[in-house]
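Colleague: I'll drop the sequence and a predicted model, then ask my questions.
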Amino acid sequence: MRKYQILILFSILLFLTDCVKTKAESGVPDNILTLLLVNSILNSNSGPCATVESIQASSIGSWSPNGNVFQYSSIYPVTLNQGSPMVQVILENSDHALGGLFPFWYLDRNQYNTGFLNKDTATYIGYNTHTSMLPYAKDTSYATDPAVTIVNTGEFSQPLGVDFNFENPSGAKATFINSCRKLDIDESNFQTSEAFSFMSGLNHFWSSEKTLDVNLIFVNGSLGQAYPIQTEQAIDVAMNRWRENFSKSSVRINLNVSVISAELDGYDMLFDLSTENGYPGSLGGLFQTTSFIGKPNALNVFIVKSELQYGGVLGVSGGIPGPATLLGTKQSGIAVFVDAHRLFTNSGDLLAFDEQMLLGETLSHEAGHFLGLWHVTEAIGDNGSIANKDPLRDTPTCHISNDFNFNGVMDLNECLGGGGSDSGGKNMMFWSGAVGFTQGDITAEQGWILRLNPLVY
Ligand SMILES: [Zn+2]
């Protein structure tokens with residue numbers, strides 16, 4: 001999300017040392033994968049390559065990592081190598097069931113004491129739905145607690161694993177999404193540690209251009225139309241800005257865009273920007289409509305007139321990452337709010353040039369989230385915690401000492417320095433934006449995460 005950060009720090013954050021001990025003592029043996037519900041493969045020369053497998057996560061025990069009782073599944077194998085460069089897991093409660101849920105990863109699936117929390121879980125625990133991912137990595141950690149180093153420099157994977165933890169496991173589902181695009185040589189040789197200064201990553205050049213299919217969905221309903229003209233040309237300033245950002249040498253992803261208009265009564269103005277619920281007016285419900293209007297091989301982008309919950313939210317992603325290729329979940333897309341981009345125009349008008357430019361930055365930013373990027377620094381500022389900055393090494397942060405007006409929030413103008421710990425305001429993944437201000441900086445490591453996503457081919 002941009003402008004306001006609402007990835008709420010749930011009060012049920014884990015304390016890792018305790019968790020591992022408790023589970024280790026349970027002595028439950030490693031099991032293999034049990035029940036396959038879905039097994040689909042998207043693979044063609046002209047589109048993404050991804051495998052999708054869903055399992056019913058049956059409980060083999062329980063623990064209380066933070067005082068709340070979670071049932072946990074057996075440990076499932078995870079493969080990451082040059083031919084399988086990214087894995088996502090999507091956890092979902094069954095309809096109408098409530099409760100927290102999170103994945104717990106293992107460096108070695110045969111050893112319980114190698115468990116770690118990924119960045120997403122170290123930041124918050126999902127409620128009703130949760131996404132997590134690990135990228136192919138060469139000497140890197142994707143901001144985990146404890147920090148682990150995953151090294152997959154060869155064609156074979158380390159014996160990684162993951163188990164699933166649900167407060168309410170009845171009917172709960174876990175889905176694996178694996179990219180099966182074989183990496184280019186420069187991608188598989190990329191070392192995140194090579195960025196010797198925080199800003200050097202901007203100059204990286206990838207040898208090949210990739211493609212991301214984008215499905216623009218203009219949302220109309222009884223309360224209003226998303227936009228007076230519903231074509232790509234009508235927002236071409238915004239789309240060109242997005243294309244420009246993603247065509248940077250550190251990214252090189254071409255956008256292949258399709259456009260539809262959709263009558264989605266109840267979703268033309270949103271009043272609940274959470275992905276926990278599926279009722280009309282909620283973001284989760286909007287994203288569930290991808291089951292009939294979404295494209296599985298594309299990033300589904302909902303263009304919505306406005307949101308009423310906060311006012312001022314420019315856009316929001318269904319997840320970090322969003323579930324690639326998976327339609328019909330409460331996290332299956334991104335949404336941008338047209339009226340939040342207005343400074344000079346009235347609701348119902350075409351956007352002015354600068355407003356469209358900001359829309360282009362928002363589209364870039366939310367797409368970045370969906371493909372796996374976090375804010376370089378959260379609104380609260382970098383205080384050393386992995387919860388408040390992205391997991392990457394070559395991105396700039398904005399330290400809390402830059403809060404010159406002491407309002408507890410790192411404003412854009414407080415994060416425009418040139419160093420590694422006082423900047424980030426110009427980065428595409430800064431937490432807020434402004435009309436008339438461009439934020440197209442994208443580092444090599446950010447571009448690398450974008451390119452590894454199963455939707456990118
Ligand atoms: Zn954001």
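Modeller: Thanks, I have the structure now.
Colleague: Could you report the pLDDT at the residue in the stretch 101-250 of the chain that the ion sits nearest to?
Modeller: Going by C-beta to the ion, the ion is nearest to residue 123 of the stretch 101-250 of the chain, at 12.6 Å. Where C-beta positions appear, they are placed from N, C-alpha and C, glycine not excepted. We have a pLDDT of 79 for residue 123.
Colleague: Let me see the backbone angles for it.
Modeller: Main-chain dihedrals, residue 123, degrees, to the nearest 10: phi -90, psi -50.
Colleague: Not counting residues beside it along the chain, what's closest to it?
Modeller: The shortest distance from residue 123 to any non-neighbouring residue, by C-beta to C-beta, 6 or more residues apart in numbering, is to residue 387 (4.7 Å).
Colleague: Ok, residue 383 next?
Modeller: residue 400 (5.0 Å).
Colleague: what's the answer for residue 168, then?
Modeller: Closest residue to residue 168 apart from its sequence neighbours, by C-beta to C-beta, 6+ apart: residue 99 at 3.7 Å.
Colleague: what residues are up against that neighbour?
Modeller: 93, 127-128, 166-168 (C-beta atoms under 8 Å, 6 or more residues apart in numbering).
Colleague: So what's the residue count around the residue nearest to residue 123?
Modeller: 18 (other C-beta atoms under 10 Å).
Colleague: what about it, which SS state?
Modeller: helix (DSSP: H, G, I helix; E, B strand; the rest coil).
Colleague: shouldn't it be in contact with residue 125?
Modeller: No: the criterion here is C-beta atoms under 8 Å, and residue 387 misses it with residue 125 at 11.9 Å.
Colleague: how far out from the middle of the chain is stretch 371-385?
Modeller: 13 Å (C-alpha atoms, centre = their mean, to the nearest Å).
Colleague: Repeat that for stretch 296-312.
Modeller: 15 Å.
Colleague: Show me which parts of that stretch are buried, residue by residue.
Modeller: Residues 296-307 are the ones in stretch 296-312 that count as buried (16 or more other C-beta atoms under 10 Å).
Colleague: export these to a markdown table and tack on pLDDT, secondary structure and distance to residue 407?
Modeller: Output for the buried residues of stretch 296-312, formatted as a markdown table (pLDDT from 0 to 100; DSSP: H, G, I helix; E, B strand; the rest coil; distance: C-beta to C-beta, whole Å):
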| residue | pLDDT | secondary structure | distance to residue 407 |
| --- | --- | --- | --- |
| 296 | 92 | coil | 43 |
| 297 | 94 | coil | 44 |
| 298 | 97 | coil | 40 |
| 299 | 98 | strand | 34 |
| 300 | 98 | strand | 36 |
| 301 | 98 | strand | 33 |
| 302 | 98 | strand | 32 |
| 303 | 98 | strand | 32 |
| 304 | 97 | strand | 30 |
| 305 | 96 | coil | 30 |
| 306 | 95 | strand | 26 |
| 307 | 95 | strand | 24 |
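Colleague: Let me know the closest of those to residue 251.
Modeller: residue 299 (14.3 Å; C-beta to C-beta).
Colleague: doesn't residue 334 make contact with that closest one?
Modeller: Yes: the pair residue 299 / residue 334 is scored as a contact, 6.9 Å apart, by C-beta under 8 Å.
Colleague: Identify the contacts common to those two.
Modeller: Here residue 299 and residue 334 have 322, 367, 370 as joint contacts, going by C-beta under 8 Å, 6+ apart.
Colleague: now those: which count as buried?
Modeller: The neighbour count (16+ other C-beta under 10 Å) marks 322, 367, 370 as buried among the shared contacts of residue 299 and residue 334.
Colleague: Mind checking which of those residues are in helices?
Modeller: Applying DSSP state H to those, the entries found in helices are 367, 370.
Colleague: Can you give the contact residues for stretch 362-369?
Modeller: 1-2, 212, 214, 238-239, 241-242, 245-246, 299, 301, 314-317, 319-322, 334-336, 341, 428-429, 433, 439-440, 442, 446, 450.
Colleague: typo on my end, stretch 407-420
Modeller: 197-199, 377, 379-381, 396-398, 400, 402-405, 422-426, 430-434, 437.
Colleague: of those, buried ones?
Modeller: 198-199, 377, 379-381, 396-398, 400, 402-403, 422-426, 430-434, 437.
Colleague: Return the distance of the residue in the stretch 151-300 of the chain that the ion sits nearest to relative to residue 318.
Modeller: Residue nearest to the ion within the stretch 151-300 of the chain: residue 273 (12.0 Å; C-beta to the ion). As for residue 273, its distance to residue 318 is 11 Å (criterion: C-beta to C-beta, to the nearest Å).
Colleague: Overlap of the contact sets of the two?
Modeller: Common neighbours of residue 273 and residue 318 (C-beta under 8 Å, 6+ apart) are residue 283.
Colleague: low pLDDT regions in the chain?
Modeller: Applying pLDDT under 70 to the chain flags residues 1-45, 138-148, 150-154, 192-200.
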